[in-house]
Every structure is written in C-alpha cells, then in structure tokens.
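Asks: my questions concern the predicted model and sequence given below.
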Amino acid sequence: QAADKTLLKTPIAFGSHLPALGTPIVWVSEQLNLVSDGTIRMKIYEPGKLVAPPEILDAVSSGKVNSGYATAGYWQGKMPAAGFFSAVPFGPEAGEYMAWMYYGNGLKLYQEMYDTNGYNVKVIPCAIISPETSGWFNKEINTPEDLKGLNMRFFGLGASVMEKMGVSTSQLPGGEIFGALEKGAIDATEFSQPAIDKLLGFQKIMKYNYFPGWHQQATIFELLVNKDAWGKMSAGQQATVENTCKASMTNSIAEGEAMQFPVMADAKANGVEIRYWNDTMLKAFEEKWGEVVVEKSAEDPFFKKVWDDLNTFRTGYNLWESNAFLPRSR
Amino acid sequence: MTENDTLPSVPLADKIDRFIQRVGMSVAWCYVLLIFVIILQVVLRKGFSSGLIIFEELQWHLYAMGVMFGLSYAQTTNSHIRVDLFYAHFRARTKHIIEILSILLLVMPFIVIVFAHSIEFFYDSYRIGEGSQSPSGLPHRWIIKGVIPLSFALLGLAMLSRLYRDTVLLIRGE
Amino acid sequence: MDVNEIMVIAMFLSFIALLFTGIPVAWVLAGVGIIFAFIGQFADVYLDTMTGLDYTTLGLVVNRLYKIMDNWILVALPMFIFMGIMLDKSGVAEELMHSMQELFGRVRGGLAVTVTAIGIILAASTGIIGASVVLLAVMSLPSMTKQGYSMPLALGTIASAGTLGILIPPSIMLVIMADQLGLSVGDLFMGAVIPGLMLGAMYIAYILIYAYIKPNAAPVPVDAKPVSWPVVLNVLKAVLPTLFLIFVVLGSIFAGFATPTEASGVGALGATLLAVYNRRFSIPVLKEVMGGTFNTTAYIFAIFIGATCFALVLRELGGDELIESFLTGLPFGPYGIVFFILGVIFLLGFFLDWIEITLIILPLLAPVISALGLDIDGYGVVDNPELVWFVMLVAMALQTSFLTPPVGFALFYLKGVCPPNVKLSDIYKGVIPFIGLQLIALFILVFWPQLVLWLPAVAYAK
Ligand code: NA
Ligand code: NA
C-alpha cells in the first residue's frame, strides 16, 4: 500500500442506523473519502463487530485498531473527569459547549486527560447532539417525594444525582430496557433523544415523557486516532480529518435539531404526555448535582481542575448569555 | 460429561489434573454465591426499593470467574465438545496423534496470544485504577480482568498435562 | 477471484474439515482463527492485500473475551443449568414426567407431548436454549428410554422442544436482533408469540400423528391406566412441586419482581429448596450440582470464546463484504430474494451459531430488505413492519441452526447430558423431521405476515 494513503479502521460505539448517535460518523467517512480525493479512507465497524463499545479506547490506544468513534462518558470508570467532555449535568448547551471546547481550554484539557493517563490517542470532537429527554415515567412527578423508591434505569453522572434523590438506579443496556419496563422490573428509564427512544418503543408502554434533559443538554462524540497512526499522516491529511470532524459538529447538531419534533408530535398524538419539570424538581436535581461535584472533586484532582476551568468559562459567558438571547417561549 | 471414557492413568498428568480440579472446585462455589447475590438483589430492590448496582456487577463478576476457571476444569474432565461422527470410530493411536497435533498447532498458539495480550489488558486497568462506568458501581476492575491471564495460564497447564499424557500413551502404545 | 475471497473460503473449509477430526469445536474455531490471522499478515506483505491482521490486531480477542465476561444477560445460563441439574437430583423432575404422562393415559406419544408442553413453558420463562435442552433431557430421557421410545424420536423431541425458547419471548436472540436493527423489542416479543406457539403446536401434532402411525416408536406404558380421579389426584400431587418452581420463575418475571436474568437465580434457589423439601439435599449433592454446573457452563462458553476469535479474523479478512456484495448483486424478484436469503441463513446455520449470524449477517440484510418495497401491513401501529416480519423469518430460520449438524448447539447440549452410549449420529437422525416442521412454519410465515404483525398491532394500539 502506498505510504500516502491511509485506511482508518474505525469501530463505532453506536449502530450507524441510530439517528444522531450513529449517523454522523457515516457522514464523516463519506466526506473524508471525498475531501481527501481518496487518500483517506475510513472503514466503519458496527458496535461489537470488531470490538464492543466500552473497549474502543483500549483498542485504539494499544494500536489493535487505528481509530474509533465513541463518547468520553464511556471512560468514566477509567478517568472520572471524562464525563465533562461528553455531557455535563446542568451544563452548557451546544453553542456554549463548543465555545469552551474550541476557544476556551476544553479541547486542551480533553487531550491532556488522555495524555496524562497514558493513553496513546489523539482526540478530535467529531459530533454534537441536542438535549436528551430526562426520562419516561408512568406517574406524574411533582415533588422529590414522588421519585423516592422508584427503580430507574439511568446512566453516567446523572445516575449519582438520581441516587441522591432516593431513586434506585440500574444501568441496563439499551436492548434490555423495554422488557424490564414491561415486566415492571424497573419503573422508569432514560435513554436518549425522542427520535432514538422511539426506536426502543418506550412510547408504547410509558405515559409521561419528562423534559428538559438536565443531565445532558448537549452531548459530544469523539474520534480517537492512535497517535502512531496520526504521526504517520501528512499535515494535510491531519487537517482533513480535523476539519471534516468540525464540519460534522455542524451537520450533527442540525440533524438532531431537525428530527425531534415530528417524533414528539407523533408520540403526543398517540397519548404520551409531554411534561416539563417544575421549578421545585429542577432545583432539587441541581442541588444534588452540586453535592456530587463536591464529592468527586475531593476524590480526583483532575476532575476538580476541569470543573473549575469550565465553571470559570461559564461564569464569564453568563454576562453574554443572559443579555444576548431572547427568552424562550413555552 | 461428554466423554465418560476416562483416559488411562499417567502419574504426572494425573497429579496436574487433580491440582487443577481442586482449584476449579473451590472456584465453583462462585455459582452458589451468585444465587445468593441475585436473591439479595431482588429482595433489596423489590422489598426495600434499594437495589444496588454493585450487586448487579457482582453478578457478572461471579459468573465470569465461573466461566473462565471452568475452561481448564472442563479440559481435565475431557468435556469439551467434539463432533464424534468419525472420531468415535478412530483407534486409540489415531486419537493420541490428533490430540497432540491439535494442542501444538491450534490450542497453544491461541492460549499464548490471549495470555500475552491479557497481561497488558490487566496491567492497564490496574495502572489507571479503573472502576465501573457507573458512579455507584464496583471499583477495582483489574481483579476481574486479572482473571483472564490467570485462567488462561491454568488452561495452558491443563493442555500441557494432556499433551504429556497423550505423548506417553502414544509411546506406550495404549 | 481475489486473494481475500480465497482466504475467506479457505477459512470456512478448514474449519469444517478440522471439525470432523474430532478436535473440540472450541479449539478448532480458535486455532483456525489464529492460523488465518497469520495467513492474512503474510498476504498483506506478499500478495498486496489490506487485511491489517497481525499479532497486535489479534489482541482484540482479549477485548472481545472480556465482553463475554461482563455480559449480564448471559449470567442466566449457569443459573438455569444449576436449576436443571438440581431439579434432577431432587427427584422431582422424574416424578413430574411420570405422572404427567399418566394424565395422557393411553394416548400414544403422551410422554413426548408432555416434553414439548414443558418445553413451551420453559421457553416462556427463559431464552436460554442450552438450559432448556439440558433440563428437558435430564428430566425426560430416562423415562422415555424406560418406556421403550425410539431413540431418535425421544432425542428429536427434546432438542426441538428445548430450542423453542429462542423464539418464544423472552428471548435473548430477539433482544440482540432489535438492538442490531434499531427495532422495538416490544414489537419483536409480541410478534414472536404466535409463530412460537404455532411451532410448538406443530411439534405436538407431529408427535401424535407419528405415534399413531408407528406405535412401536412411542409405546404406551404397559401399566397405563385409564384416567380416573385417583390418577388425576396423584398427578396433581406430583405436579405441584414443579409447578411451584415454574410458577416461581415465571411468576417473578411477570409479577415484575425480577428480570429474566434474575429469575434464573430465583429458579436455582427454588430447585434447591425442592431438594431440601424432598430430603435429597446434602453438601455432597450441592457439590455435585455445583461441579456439574461449572463443567457444563465452561464447555459451552469455550465455544463462544473460540467463535469470537474466528469471527474477528473472518471480518478482518473481508468476509462481511463478500457476503454483502454477493447478495446485492442477485437478479431475483423481491420474494425470490427473501427466499434466497432465508436459504443462505439456513445453510449458514449449519456452521455458525445464531449469535454470529445475528451479528454478522443480519445488519447486512436489513437495508436490502427495506429496499425491496414489500407491502407488509403494520396496521399503522408497528414501525418498520417489513423488518419486524423479516426478523421473525430469520428467527424461525435460525431455529433450525440449533438442530443442524455439524455445529448445532442443541445437539451438543443434548449430547453433553446423554448417557455415553448415545451417539451424536442418533441425535442427528432424530432432529430431521423437526427441522422439516420448522421449514414448513417458515413458509407459512412468509405468506401470512399477519401471524407476526397482528399481535403487536393489537397489543400496542392506544
Ligand atoms: Na424464551
Ligand atoms: Na447448525
């Protein structure tokens, strides 16, 4: 094979049929081939075909594959701060998140996290999606009391918050959730955005779909490239990959924003009640999130470092945000 | 269980096999423990609304230990499944030769490759202090990841024992 | 033919050839995988291929192995095996088979019908094929042998009844298929109910007809009495403990106390309590059950582990593309392509297990099917009705893969618990008519999609 051609073998963490979770990387692979005039090819491997999603980081770092597509939240067990580069409870929306990533210290800290933990990877943010729903319930939730004692499927940092609310959380894989709900082994669940939740069929058996997704206002997905493989690419090829991913940020947020409302309207027409958390609930979630942050910051210095940096940025941004935007109509 | 025809005795190989079986039978208690953990989880969650992620994770930890350490045990009991359509009619000598060649050419390369890579896999997890993805899950993933090199080392030992047994039997002409 | 294609075909052929030498299936899969990885590396250097295979890439086997270890759904397998072996030791199982058969009095084939009926019940409590087959075999094979059943009929009945669990929900296979294709698990579960029960009913009809035509194959027990009230009472008494156990397992799922995975643990405890109740329980018995569970689970998972190595290398060699490009180039009409695909799946089922087929083949097929423009009615409720229907066809076709030699998991499980004098070839003979029934059921589903789609449409209509 000629040295000026690169094949990126890319296992992905979400099936390429899943709108917004999986479709962006397909777009990236098509664009890479076009933009590079065929000098960069990306071959996508569906989840589990070569390697399962939670193993992607290890596989890329050790060079078993030369790249991978996932979301940093998957590595929370390895690096507690990883969640910050994936989605932050009560965190920024897409615009502010990208501002911190590209023009604040976000991306620098992101790469630093992998470097200091000995992972031989180059990280490139490669998609961003709009808010998730914060859960499906079969009863109205008006006060924190209503949550107590529920069994709920919940993932990531948000799960710590829910546990502090008195919810017993589990982390069933996507495919098990419907069965568990139907049989009553769990009472409630969150998974992703309306268009993706629909594929799991929640609207068929659950009555209340709650918004806003306080635990995931925006979610970033990453392309990981093995550093040795990255080093072998020419400067032009590197720029091609980085800029195609940046273009994918635009493409994915647009796709995600466009496809939720028809699905919600459809669910509504079929009897699903769409609800918005009342202020008491939102305040309660936020308060518990504050407690989680304090605990995690005490445990892990890098977690604290990223949290402080993000917070400083957001405090500054607030002056702009609170003045620049129209209030939202509800 | 598949082949109840026990192989002729070869002292050294018998000794190794007995050792592996003793280790195996101690690990096998993990399945009894697994029943208790499952019941505990069900009771806690449904009875007291406080099911715990650590119990969910403990379940697959215990199951994984049973599966992995069982590999070498099943090898010593000669249980691994064979398509015996023709095999059942082979002479003892042919069977010994097949066994020796398959261990040398098919099984050992596999065991060596998995063992070598699993050391790095285990060590990375240890180095990084990996725990569960879930904030309230089990810590110390290196323990369960360490099961891979350990159980494969035992499987390798069981294979060497079988290799030795078949070589001796082939020479003895049994 | 290019080098990659030759390597893929050579890999399949070596696998099949080595199977027949009697080398354990697990090690054939693993070893062939490793050997072809190095052949791939050689081809990259000297034959200008781009497999990317080498020693480093093979490290993925460890990551894949770990994914088998941390799979919470598979925890149910050793638990159902434990339940099966403990039930055997408790003495309850044989009593159940014996007395339930009395209920059928002088009906020929009554015992085999009982086995199928219990198979349907087990299927509804778990999707774990191995455990159902093992449980049915240890429960019923001794009684059927004692009654003078023909070996093939007895073995075929057990293997086929034991595999119903993969179709009748809850089913791990349907969960994984839904995940692969982005379909609703609920639609698939509901969609599988009628096809699953239909297949079970076909088995029973076949057994009754066969036993009627060939009385020697399924003799009525010599001491068979006409059904009388005392007999019914006896049956009730004997059935009670096992019904209790099935009730505990099914009940804990349907009452929402436990997930199907957890229900397996509840069942294991229930079987142990039954042994205690019957005064058959002791520490040596527990150790024996434990050892049996340990051993059986291990040799089943050895095959999973070998298969994961094999599948990895097959993919890296380009096996996927080979299959996909072949299918998309077919010149048949829509239903012709459907039949062709089902035929291919049936054939692949001889050598690959459902996990590999579901993970490798199914995702390649979905877009092909969607593009056919088949007019399948989802009653306005079921999303992607043509895919739901197609998945059910595939699921039905995969039923056969458990029963088709040389690699048929149900056959292996069954062989594992049979007395040593039962040869694999006896089992092969026994399952042939049941494979035929499955193919008939498959045809019925192709032409009556309503059998699949009606129930989910009714169940989930608001
Ligand atoms: Na089932
Ligand atoms: Na088969």
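Replies: Yes, it's here. Residues are numbered from 1 along each chain as shown, chains lettered A, B, ... in the order given. Ligands and ions are numbered 1, 2, ... in the order given.

Asks: which ones are touching B:I20?
Replies: B:S72, B:Y73, B:Q75, B:T76, B:L154, B:L157, B:A158, B:S161 (CB atoms under 8 Å, 6 or more residues apart in numbering or on different chains). The C-beta positions use only the backbone N, C-alpha and C, and glycine is treated the same way.

Asks: mind checking the pLDDT average for the helix or strand where it lies?
Replies: If you go by DSSP states H and E, B:I20 is part of helix B:11-27. Here helix B:11-27 scores 94 as its mean pLDDT.

Asks: what's the next helix or strand along the chain from that helix packed up against?
Replies: Helices and strands here follow DSSP H and E; after helix B:11-27, the next one along the chain is helix B:29-42. When contacts are defined as 3 or more CB pairs under 8 Å, 6 or more residues apart in numbering or on different chains; DSSP states H and E, helix B:29-42 sits against helix B:53-76, helix C:76-90, helix C:260-277, helix C:283-316.

Asks: re the thing from before, run the angle between the helix holding B:I20 and helix B:53-76 for me.
Replies: 160 degrees (axes from the mean of the first three to the mean of the last three CA atoms, to 10 degrees).

Asks: please, where are all the helices along the stretch 201-330 of chain A?
Replies: Assigned by DSSP state H, counting those that start in this stretch, the helices in the stretch 201-330 of chain A fall at A:202-205, A:227-232, A:235-269, A:279-299, A:301-324.

Asks: how far away is A:Y69 from A:E96?
Replies: 24 Å (CB to CB, to the nearest Å).

Asks: which one of the two has more residues nearby?
Replies: Ranked by neighbour count (other CB atoms under 10 Å in any protein chain shown), A:Y69 and A:E96 place A:Y69 first, with 31 against 19.

Asks: now do the SS call for the more buried one.
Replies: Classification of A:Y69 by DSSP: H, G, I helix; E, B strand; the rest coil places it in strand.

Asks: show me what contacts B:F55?
Replies: B:V37, B:L40, B:Q41, B:L44.

Asks: how about those residues in a markdown table, adding neighbour count?
Replies: What follows is the contacts of B:F55, written out as a markdown table (neighbours: other CB atoms under 10 Å in any protein chain shown):
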| residue | neighbour count |
| --- | --- |
| B:V37 | 22 |
| B:L40 | 15 |
| B:Q41 | 23 |
| B:L44 | 15 |
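
Asks: quick one: which of these is nearest to chain A?
Replies: B:L44 (8.5 Å; CB to the nearest CB).

Asks: give me the three-state assignment for that closest one.
Replies: helix.

Asks: taking chain A, what residue is nearest to ligand 1?
Replies: Nearest to ligand 1, among the residues of chain A, is A:G179, at 10.9 Å (CB to the ion).

Asks: go on, chain B?
Replies: Closest point on chain B to ligand 1, by CB to the ion, is B:I38, at 18.7 Å.

Asks: what about the closest residue to that residue other than its chain neighbours, how many residues nearby?
Replies: In space, and not counting its chain neighbours, B:I38 is closest to C:G265: 2.8 Å by CB to CB, 6 or more residues apart in numbering or on different chains. C:G265 has 30 neighbours, counted by other CB under 10 Å.

Asks: please apply the same query to C:S150.
Replies: 19.

Asks: any idea how far the spatially closest residue to it that is not a sequence neighbour is from chain A?
Replies: Once flanking residues are discounted, C:S150 sits nearest to C:A217: 4.0 Å by CB to CB, 6+ apart. The gap separating C:A217 from chain A is 40 Å, by CB to the nearest CB, to the nearest Å.

Asks: list the contacts for C:A217?
Replies: Counted by CB under 8 Å, 6+ apart, C:A217 has contacts C:Y149, C:S150, C:L153, C:Y210, C:A211.

Asks: before we move on, back to that, so what's the residue nearest to B:I38 up against?
Replies: B:L34, B:I35, B:V37, B:I38, B:I39, B:V42, C:M79, C:A258.

Asks: C:L364 touches C:S325, doesn't it?
Replies: No: applying CB atoms under 8 Å, one finds C:L364 not in contact with C:S325, separated by 9.7 Å.

Asks: rewinding a little: most packed of the helices of the stretch 201-330 of chain A?
Replies: helix A:202-205 (a mean of 22; mean count of other CB atoms under 10 Å in any protein chain shown).

Asks: distance from that one to the middle of the chain?
Replies: 23 Å (CA atoms, centre = their mean, to the nearest Å).

Asks: tell me which other helices or strands that helix touches.
Replies: helix A:174-182.

Asks: list the contacts of the helix it packs on.
Replies: A:136, A:153, A:172, A:185-189, A:191, A:200-202, A:205-206, C:73, C:170, C:175-176, C:178-179, C:184-186, C:189, C:259-260.
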